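Colleague: Give the three-dimensional model of this entry:
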Amino acid sequence: MTMIEDRELEAWRERWRSVAEPLPEIHRKIKRQNNWFVISNVVALCGLVAALSFAAWAVHKQPSGMRIAWAIGLSVMVFVCAGYRIWLQRGTWRAESQSTRAFVELWHRRVMAKLRMLRMGFYLIPAWIVFCSVVAAANWSVIGPDVHAHPRDWLVVVGVVVLMVAAAFLKLAWYRRRKLRELSEVKRLLEELSG
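Modeller: Coordinates of the predicted model:
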């Protein structure tokens, strides 16, 4: 009698595992994501502190109208980025429960937040370049004698900046395609869990 009960119990446990945990790899993936989530937020915080410290140091070292405008612009950009990042990450800190569906929904919210942050990058890079160009053009009478150069001598620098921006956009586009594939995978998993 005990042997039959043990077989039935084992069969029941196997069925329960297949129903209760259809996707245990999702839990592991979310746990890895949690680690990277914390690391990326710590790195972002360090970047915020470093950017603000650099802006303060640049103004303190040699106060000028251009450096002050640049420092203010950098500070505004850093605070806008930090605020937008925090706003986008609402609801992405942890799963609402320990169910597989809750973990997949958390994954979905994180992917959507990353896609929105990428969209911000597509707008922020050109906006920052335009801001810096306007500040440099408005202050060329100060910059020109300081660097002993004519604006056309800066064409190499402009070319390098254009290449860097192109590389940044290519990287953002590649990462966006990767996140869109991940989003389609998450949506498929959500449909499987619903159906």
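
Colleague: May I ask which helix or strand of the chain has the lowest mean pLDDT?
Modeller: helix 2-20 (a mean of 58; mean pLDDT, DSSP states H and E).

Colleague: Does anything pack onto the helix or strand just after it? Which helices or strands?
Modeller: Using DSSP states H and E, the helix or strand that follows helix 2-20 towards the C-terminus is helix 24-61. If you count contacts as 3 or more CB pairs under 8 Å, 6 or more residues apart in numbering; DSSP states H and E, helix 24-61 packs onto helix 65-88, helix 100-138. For every residue, glycine as well, the C-beta is placed using N, CA and C.

Colleague: at 10 Å what do you get?
Modeller: Here helix 24-61 touches helix 65-88, helix 100-138, helix 155-194, going by 3 or more CB pairs under 10 Å, 6 or more residues apart in numbering; DSSP states H and E.

Colleague: between those helices, which one is nearest to Lys29?
Modeller: Closest approach to Lys29 among the helices and strands packed on helix 24-61 (CB to CB): helix 100-138, 7.1 Å.

Colleague: Report the angle between that closest one and helix 65-88.
Modeller: 170 degrees (axes from the mean of the first three to the mean of the last three CA atoms, to 10 degrees).

Colleague: Sort out which residues of helix 100-138 are buried, please.
Modeller: 100-101, 103-115, 117, 131, 135 (16 or more other CB atoms under 10 Å).
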